[in-house]
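1. structure of the sequence below:
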Amino acid sequence: MRRRLKNKWDILKQKIYIIIYGSNTFAGKLFDLVLLAVILLSVILVMLESIESYDMKHHTLLKVLEWVITIFFTIEYVLRIICNKQPLKYIFSFYGIVDLISIMPMYLSFFVSDLGILSVVRALRLLRLFGILNLVPYIGQESNLKLAIKASRTKIIVFIYFIVVVSILLGALMYVIEGKDNGFTSIPKSIYWCIVTLTTVGYGDIAPQTTIGQMIASFIMIMGYGIIAVPTGIVTAEFTSLKRNKSIDARRRRTCSSCTTTIYDDDANYCYNCGQKLGDVFTR
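-> Sure, this is the predicted structure:
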């Protein structure tokens, strides 16, 4: 009897797992789309709640809907843990942490006020869109971009270091030239002005008044346009190089029909692992 109940429980967990984690079945796709719709609704509710006039008029309705969504996410979170063969792996994964954070604010609001607005972190769950819609080409591009950024990180770090040094030097120079009377009350505030000007943001809360200061500001503005393009150029170059190398590897790669070993040598006639004669078909 116990074994029969255990088997039924295992079957039930397997079915829940297929619905929640799988996207190849109709039920799985439907669950993912419903989940995505609820996430979007939750984010919209948080936005509406931040509008004071709307919140005062529909406060009760917004709170009720927030609690309904929170309970839905709580049930989903518990089911993900129960049906997962490695629950700890899910709990401490990126999505597991995001799922937990997304339900905590409403429960914590019992003890600490004004935490409900933190439910906006549920927007992070929209990242599940990649898995829901099975966007394989986009996931591949995301992976390529990640590799390109990783390959260019040393150049970018050196570039950022250079920008920080330039900002400190020019900020300190502007502090000496302009002084406290023109709003440059300290070196940190002058560095802040330099960064704002260098990135072409230009808040306008501090502005140089002297001729020399304005000349330096003009130089920083012009330099800022070139500086913005440098990280983009570095990553783009690495991205292009990565795609070119992958294209070359794709033309040269063959798979042994006997032992499935990957062969990268164009001139090889036999598999070096099992000795099987290789065909002329290359793997794309």
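
2. the stretch 151-284 of the chain: helices as residue ranges?
-> 153-178, 187-198, 211-252 (DSSP state H, counting those that start in this stretch).

3. can you give me the helices in the stretch 1-150 of the chain?
-> Along the stretch 1-150 of the chain, counting by DSSP H, counting those that start in this stretch, helices occupy 2-21, 26-49, 52-83, 87-91, 94-108, 129-132, 136-151.

4. now mean neighbour count too, for those helices, in a markdown table please.
-> Where C-beta positions appear, they are placed from N, C-alpha and C, glycine not excepted. Shown next, in a markdown table, are these (neighbours: other C-beta atoms under 10 Å):
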| stretch | mean neighbour count |
| --- | --- |
| helix 2-21 | 12 |
| helix 26-49 | 16 |
| helix 52-83 | 14 |
| helix 87-91 | 13 |
| helix 94-108 | 17 |
| helix 129-132 | 14 |
| helix 136-151 | 13 |
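
5. those helices: lowest mean pLDDT?
-> Among these, helix 129-132 has the lowest mean pLDDT, at a mean of 52.

6. if we can go back for a sec, as a markdown table, the helices of the stretch 1-150 of the chain with distance to Gly179 would be great.
-> Below are the helices of the stretch 1-150 of the chain laid out as a markdown table (distance: least, C-beta to C-beta, whole Å):
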| stretch | distance to Gly179 |
| --- | --- |
| helix 2-21 | 63 |
| helix 26-49 | 45 |
| helix 52-83 | 42 |
| helix 87-91 | 56 |
| helix 94-108 | 47 |
| helix 129-132 | 53 |
| helix 136-151 | 41 |
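
7. buried deepest among the helices of the stretch 151-284 of the chain, which one?
-> Mean neighbour counts were compared across these using mean count of other C-beta atoms under 10 Å; the top stretch is helix 187-198, at a mean of 20.
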